[in-house]
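> what shape does this take:
(2 chains)
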Amino acid sequence: MIIIDKLCYRSKLRYVSAAEKLLYAVSSLMICVLTRSYAAALIVFIANGILTVGKGKIPLSCYVRLLMIPIVFLIVGTGAVFLNLSKVPMDAFAVPVGEIYITASRESAFWAVNLCITALAAVTCLYFLSLNTTMTDILGALRKMHMPRLLIELMMLIYRFVFILLHTASAIMTAQEARLGNRDYRTQLRAFGKMLTALFFISLRKANALYDAMEARGYDGTINVLERNTPAKKKEMILLAVFELVLIIVAAAERMI
Amino acid sequence: MSKKEKILLKASIVFAAVFAIVPAANAMHIMEGYLPAKYCVAWGVVCLPFLIAGFISLKNKVKENRRNLTLIAMSGAFIFVISSLKIPSVTGSCSHMTGTGLGAILFGPASVSVLGVIVLLFQALLLAHGGLTTLGANTFSMAIAGPVVSFGIYKLCQKINVNRRVGIFLAAFLGDLFTYCVTSIQLAFAYPSEAGGVGASAVKFLGVFAPTQIPLAVIEGILTVVIVIGLETYAKPELRSIGFFKNKKGETQDE
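Next up is the predicted model:
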């Protein structure tokens, strides 16, 4: 039901240490956002593409389609950053509309391009993490970083419940569809609201039943699960360090020029 | 057809195709990597006190009765699911509810702040809405500012005896609008306009996102009314278990 979640279980990089993938994704992300360097962003974009599609064997069509998700925000948001409504025309171009101009300056055009590249590179970092690491592994890594226990427990339960609820919701929506619940827009809205109402109390009932079941099996406040132990490999860690170092050097060199 | 026209035609087809496969107009999450680093950190710091307060309140609830843990988790999953389902929309583009208004009315702003940050993290990782670096900014607009306004308006309408349905509608509608305004202002602070500074920039962002966000807020308001009224009719015992009704008899006088 959630495409990213389905794909990450198929990834060939799934059994690489989660902490290592997390470290790679977050440090590349931070370098991109902090330095805003064109070259570093380009390298990250390409490296993530190779890692996710080439090594992780995530289908290219899925990857491209996923990259399209934030593009509306990117176009609309960057348009707003870049274009100005002003009485004086600026140096890049100016389209007169009545008395004012829709105009942009050269500097802001560079800004806009930089923003797009950085944001897309950052998105590929996020995708590298989420398309190659299962949520349970990410939570395991967070637990090792000593996040508050209650928070981790909540996240784990929420993650499990999401699928139960999505399943229930889709069953209800199929039933509504079969009974002409989407006949016109008014009915459609009402049906959607009713579905969520039903979903809400089904979910609370399920939560209670689940608690009873856990209590009966000796639940004492923590859910203990066995984890597959996948230690980080030395070679990979060295490669990672070299890669990040190269990124920093490239970004610094770009700033010098 | 001249060569230029052909190119133009092809370009327009590509453009249309890109927009046709794009699941347009989700709730206004600031995308990954879009904010400069200092704003990411600043918004995260602003969120911290709210999150800590929310966390302590959740911790006490769980300590009081351990059964609350599964209830709270289910509520979080519910918020995630309503924000991931496509809502029916007139234009055929797909949009999503934010769920902030409903969450605030049902669970109160304190729980929603912590559940909100978890939901936003999951949205970033599982749905690619929002991101890790912009988590702080998104949390502030969607899990703190929006719900607090919704909750405040909901309570205010009860105090001054506004029609219940109108009160719920206003709470969800204005909460949504406020979220959208806060996001626009966050973007404006990060990218002030060259002609006119932060103010002009905020107007620009408000303007470009208005066509998707205002209809969405109206639809969200209507849906929230349908849901809350439905729940009050069919699910009283469940609502009592999350503390929506304080007294056993209470029909409309909740918390």
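> strands of the stretch 1-150 of chain A, start to end?
Applying DSSP state E, counting those that start in this stretch to the stretch 1-150 of chain A gives strands spanning A:84-86, A:93-97, A:100-104.
> buried residues of the shortest one, list them for me.
Using 16 or more other CB atoms under 10 Å in any protein chain shown as the test for burial, strand A:84-86 gives A:84, A:85, A:86. C-beta coordinates here come from the backbone N, C-alpha and C atoms, glycine included.
> with respect to residue B:217, which of those residues is nearest?
Residue B:217 lies nearest to residue A:85 out of the buried residues of strand A:84-86, by CB to CB, at 24.6 Å.
> chain B next: which of the buried residues of strand A:84-86 are close?
Restricting these to those adjacent to chain B (criterion: CB under 8 Å from any CB of the partner chain) gives A:84, A:85, A:86.
> coming back round to it: format the strands of the stretch 1-150 of chain A as CSV; extra columns: mean pLDDT.
Listed next are the strands of the stretch 1-150 of chain A as CSV, based on pLDDT from 0 to 100:
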stretch, mean pLDDT
strand A:84-86, 74
strand A:93-97, 74
strand A:100-104, 78
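> as JSON lines, those strands with distance to residue A:134 would be great.
As requested, those are arranged in JSON lines below (distance: least, CB to CB, whole Å):
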{"stretch": "strand A:84-86", "distance to residue A:134": "45"}
{"stretch": "strand A:93-97", "distance to residue A:134": "48"}
{"stretch": "strand A:100-104", "distance to residue A:134": "44"}
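> nearest to residue B:79, out of these?
Taking CB to CB, strand A:84-86 is the member of the strands of the stretch 1-150 of chain A nearest to residue B:79, at 37.5 Å.
> what's the spacing between the residue in chain A that chain B sits nearest to and residue B:33?
Using CB to the nearest CB, residue A:122 is the residue of chain A that sits closest to chain B, at 2.4 Å. With distances taken as CB to CB, to the nearest Å, residue A:122 is found 2 Å from residue B:33.
> who touches both of the two?
A:29, A:32, A:33, B:131, B:133 (CB atoms under 8 Å, 6 or more residues apart in numbering or on different chains).
> and the buried residues of strand A:84-86, which is closest to residue B:44?
Lowest distance from residue B:44 to those (CB to CB) belongs to residue A:84, with 29.8 Å.
> got the contact list for that closest one?
Residue A:84 sits next to A:90, A:102, A:103, A:104, A:105, A:108, B:193, B:194, B:195, B:196, B:200, B:204 when contact means CB under 8 Å, 6+ apart.
> per-residue pLDDT of the first one, please?
Translated: residue A:90. Per-residue pLDDT puts residue A:90 at 72.
> number of nearby residues for the residue nearest to it when sequence neighbours are not counted?
Spatially, and ignoring its direct neighbours in sequence, residue A:90 is nearest to residue A:105 (4.1 Å; CB to CB, 6 or more residues apart in numbering or on different chains). By other CB atoms under 10 Å in any protein chain shown, the residues close to residue A:105 number 19.
> tell me the mean pLDDT over stretch B:111-124?
In the prediction, stretch B:111-124 has an average pLDDT of 92.
> format the CA atom coordinates belonging to it as CSV.
Taking C-alpha atoms only, stretch B:111-124 is exported to CSV below (Å, rounded to 0.1, in the frame of the first residue of the first chain):
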residue,chain,number,x,y,z
SER,B,111,-0.5,14.8,22.6
VAL,B,112,-0.8,16.0,19.0
SER,B,113,2.6,17.7,19.2
VAL,B,114,4.5,14.5,19.9
LEU,B,115,2.3,12.3,17.7
GLY,B,116,2.7,15.0,15.0
VAL,B,117,6.4,14.8,15.0
ILE,B,118,6.4,11.1,14.7
VAL,B,119,3.8,11.2,11.9
LEU,B,120,5.8,13.8,10.1
LEU,B,121,8.9,11.6,10.3
PHE,B,122,7.0,8.7,8.9
GLN,B,123,5.5,10.9,6.2
ALA,B,124,9.0,12.0,5.2
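> and that stretch, does that touch chain A?
Yes. For stretch B:111-124, a contact with chain A is found by CB under 8 Å from any CB, at B:114, B:115, B:118, B:119, B:121, B:122, B:124.
> residue B:129 contacts residue B:121, doesn't it?
No. Assessed by CB atoms under 8 Å, residue B:129 is found out of contact with residue B:121, at 10.9 Å.
> which one of those two is surrounded by more residues?
Neighbour count, other CB under 10 Å: between residue B:129 and residue B:121, residue B:129 has more, with 25 against 21.
> okay, now the unreliable bits of the stretch 151-255 of chain B?
The stretch 151-255 of chain B contains residues with pLDDT under 70 at B:245-255.
> show me what from it comes close to chain A.
Residues of the stretch 151-255 of chain B lying near chain A (CB under 8 Å from any CB): B:187, B:191, B:193-196, B:200-201, B:204-205, B:207-209, B:219, B:222-223, B:225-227, B:230-231, B:234-235, B:238, B:241-242.
> got the contact list for residue B:140?
Residues near residue B:140 by CB under 8 Å, 6+ apart: B:43, B:46, B:47, B:182, B:186.
> now do 7 Å
When contacts are counted by CB atoms under 7 Å, 6 or more residues apart in numbering or on different chains, residue B:140 touches B:43, B:46, B:47, B:182.
> could you tell me the model confidence score at it?
In this model, residue B:140 is scored at 93, pLDDT.
> separation between it and residue A:255?
According to CB to CB, residue B:140 and residue A:255 sit 31 Å apart.
> quick one on the thing from earlier: can I get the shared contacts of residue A:122 and residue B:33 in a markdown table including distance to residue A:118 and neighbour count?
What follows is those, written out as a markdown table (distance: CB to CB, whole Å; neighbours: other CB atoms under 10 Å in any protein chain shown):
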| residue | distance to residue A:118 | neighbour count |
| --- | --- | --- |
| A:29 | 10 | 24 |
| A:32 | 6 | 29 |
| A:33 | 7 | 25 |
| B:131 | 12 | 30 |
| B:133 | 10 | 30 |
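> okay, among those residues, which ones form the most distant pair?
Taking CB to CB as the measure, those span a maximum distance of 11.4 Å, between A:32 and B:131.
> any shared contact partners between these two?
What both residue A:32 and residue B:131 touch, as defined by CB under 7 Å, 6+ apart, is the set A:122, B:33.
> please identify, among the residues of stretch B:111-124 next to chain A, the one with the most neighbours.
That'd be residue B:119 among the residues of stretch B:111-124 next to chain A, by other CB under 10 Å, with 29 neighbours.
> now do the strands in the stretch 1-150 of chain B.
Using DSSP E, counting those that start in this stretch, the strands of the stretch 1-150 of chain B run over B:86-87, B:95-96.
> quick check, the residue in the stretch 151-255 of chain B closest to chain A?
Proximity of the stretch 151-255 of chain B to chain A (CB to the nearest CB) peaks at residue B:226, 2.9 Å away.
> show me the contacts for that residue.
Taking CB under 7 Å, 6+ apart as the test, what residue B:226 contacts is A:190, A:193, A:194.
> restrict the residues you listed to those near chain B?
When contact is defined as CB under 7 Å from any CB of the partner chain, the contacts of residue B:226 meet chain B at A:190, A:193, A:194.
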